[in-house]
Every structure is written in structure tokens, then in C-alpha cells.
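Asks: Only the shape, not the letters, is given here:
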């Protein structure tokens, strides 16, 4: 059902984490994949591992010429473009409103929003001629709820989700589907990078993030297990495949229930406290005597 036989995909941020796992899953399902990222050694190694079905191009998604070259290279190498996964990202940064660094804000917007628009710009030109295509913009639950992510990151992801909808209503008439994919807390190297670890060490040890997520999971997430890159890759596979041919303008949330509400185990003590306090207040109130 989720076969990608004959399809060609470009995946930005494809050298590690969600991007790398998505490349592996897509190739396993029959796709040809162009892996785009800044770390050439990592990207080339992954492409070699995946064989003739994969190729790597060094890409800085904040540079428009790089984004154009990425799309052009995919078409030159594989003959068409069926899917773009705008996945490149940076870790969330936490600054108080009174302490915001607008240069850092601009840098986050460049990666998480401007690059998404650039990718769609050049992918749409190819897909429009084909009259078919799927664009997947990897956003975040932080784009729809507040409190877990930093201001820059959350604002950029919220904008990317709405930009996805805007693109979907325009490109639908060309046969192009545009959806966003919003992960929750996924055990990848992104968390290690956020606390200053070297990128390679962080990427090679996702178990550090898994342990940390597990420590807060009972209070934040209804499902009692940690999300992994494969969970997001499988969701991307659905959106890339013909199984989602009637899905566009949608934000697919894959977060273990974080965005739904507090887990009942976390809420139960507070709920009991509320009713105990209510009853105690009623008993001691002058109106009850």
C-alpha cells in the first residue's frame, strides 16, 4: 500500500536523525532518494550504504542557490521529482522575551521557514509539469502549542504549518499535495546538540535523548513509550505514497498524544485534590451552616 516504486524524493536534513531514517525507509520501499545536508562525510556515507538508489548533494538550505541546485541535481540524476521532504532544522533555543536575540531569531526563521518556502518554490516548478507530487514540510507540535519549545522555533514551525496550507490551496490544481508533519518528542541527536554536544556524538547516541524524554514522559505524553525517528519516517512514507492521494493541507501530528492533553495519570492527583479542596471549602463555608 505504501510503495514508492518509481518515485524520486529529495530529503533535506538527510544526514542524521529523522531525515536519515526517512531516506532509509523510502529506499526500502522502492524510491530513489536525493539526500541533502551540510555534512558531506555523513551524507556520502549514507548514500553509499543505500546504494545506487541514493545520491548526496551538499546543501545549505538557507542559501537559495543551494536549494535550486538540490532540486536540479535530483532531476538530472533520477529524471523526475515526486516528493520533497523539507526536514532540515536546528535545535530549539530558549530565551525569555525580554532577552531575545533578533539575529538568532532571523537565523531560525531562515532554516525553518524561509528554506521551506525555497524548497517548495523549486519543487513546484518540476511537479507542476508532471501534474503530480507530494511536498512534506516537517514542522513540530511546538507549532500548535506553547510551553515546550523556544519562541523562535515555535513561531517558525507555526508559520511553516500555515504556509503549508497556503501552498496546498494553490498547488492542488496542479496535482501537487502539500502537507506538514508535526513530530512530538523524538529521540534523536537534536537534543544533544541543543545542550552543546558535538553533532556526531549527539547523532550516534540517541539513547541519551531517549532516557531524558522517558524521565518526563509520564507527565507529558499519554502513550507510555518514547518516539523514535522511524515513527516519523513511517508517517512521511504515508504522505509520500499514493495511499495519501486525497490528503492535502493537513498537519499530521505524530506525538504520542502530547498535543491532545495531559496524561490521565498526571491529571488524576490534581483532579482528586480539586474535589477534596472543593468539599472541604463547602464544609467549612459559613453558607453551609
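Replies: Here it is on my side, so go on. Quick caveat: nothing in here was measured; it's all calculated off a predicted structure.

Asks: Phi, psi for residue 182 please.
Replies: Backbone dihedrals for residue 182, given as degrees, to the nearest 10, come out at phi -110, psi 100.

Asks: if I pick it, what's in contact with it?
Replies: Contacts of residue 182 were listed using Cβ atoms under 8 Å, 6 or more residues apart in numbering, and they are 138-141, 143-144, 157, 161, 251-255, 259. All C-beta atoms are positioned from the backbone trio N, CA, C, and that covers glycine.

Asks: one more time with 6 Å, if that's ok
Replies: Contact criterion Cβ atoms under 6 Å, 6 or more residues apart in numbering gives 139, 140, 141, 251, 253 as the residues in contact with residue 182.

Asks: for residue 58, same thing?
Replies: residue 40.

Asks: Please report phi then psi for it.
Replies: Its backbone dihedrals place residue 58 at phi -70, psi 130, with angles given as degrees, to the nearest 10.

Asks: and what of residue 30?
Replies: The phi/psi pair for residue 30 (degrees, to the nearest 10) is phi 100, psi 0.

Asks: State the distance from the residue nearest to it when sequence neighbours are not counted to residue 27.
Replies: The shortest distance from residue 30 to any residue other than its chain neighbours is 3.6 Å, reached at residue 5 (Cβ to Cβ, 6 or more residues apart in numbering). Residue 5 sits 11 Å away from residue 27, taking Cβ to Cβ, to the nearest Å as the criterion.

Asks: so the residue nearest to residue 30 makes contact with residue 32?
Replies: No - in this structure, residue 5 is not within contact of residue 32 by Cβ atoms under 6 Å, at 10.1 Å.

Asks: who has more neighbours, these two?
Replies: Regarding residue 5 and residue 32, a neighbour count based on other Cβ atoms under 10 Å identifies residue 32 as having more, with 24 against 8.

Asks: and the residue nearest to residue 30, which of the three is it?
Replies: Using DSSP: H, G, I helix; E, B strand; the rest coil, the secondary structure recorded for residue 5 is coil.

Asks: What pLDDT is listed against it?
Replies: The confidence metric pLDDT takes the value 97 at residue 5.

Asks: all strands of the protein, in order?
Replies: In chain order, the chain shows strands spanning 8-12, 32-37, 54-58, 83-86, 133-138, 176-183, 186-187, 227-228, 251-254, with DSSP state E as the criterion.

Asks: in its sheet, what does the fifth one sit against?
Replies: Sheet pairing of strand 133-138 (DSSP bridges) gives strand 83-86 (parallel), strand 176-183 (parallel).

Asks: Point out the most buried one among these.
Replies: Comparing the strands paired with strand 133-138 on average neighbours per residue, with mean count of other Cβ atoms under 10 Å, the densest one is strand 83-86 at a mean of 30.

Asks: pLDDT weak spots in this protein?
Replies: Across the chain, residues meeting the criterion (pLDDT under 70) sit at 1, 285, 287-289.

Asks: Now do the helices in it.
Replies: Listed in chain order, the helices found in the chain under DSSP state H are 17-28, 40-50, 64-78, 102-109, 115-130, 151-171, 190-194, 199-204, 206-220, 229-240, 264-284.

Asks: Of those helices, give the one that comes closest to residue 10.
Replies: Proximity of the helices of the chain to residue 10 was assessed by Cβ to Cβ; the nearest stretch is helix 64-78, lying at 4.9 Å.

Asks: Next up, the contacts around the residue nearest the centre of the chain.
Replies: With distances taken as Cα atoms, centre = their mean, the residue of the chain nearest its centroid is residue 138 (3.1 Å). For residue 138, the residues meeting the contact criterion (Cβ under 6 Å, 6+ apart) are 87, 181.

Asks: what are the bridge partners for it, then?
Replies: When bridges are assigned using DSSP bridges, the partners listed for residue 138 are residue 181.
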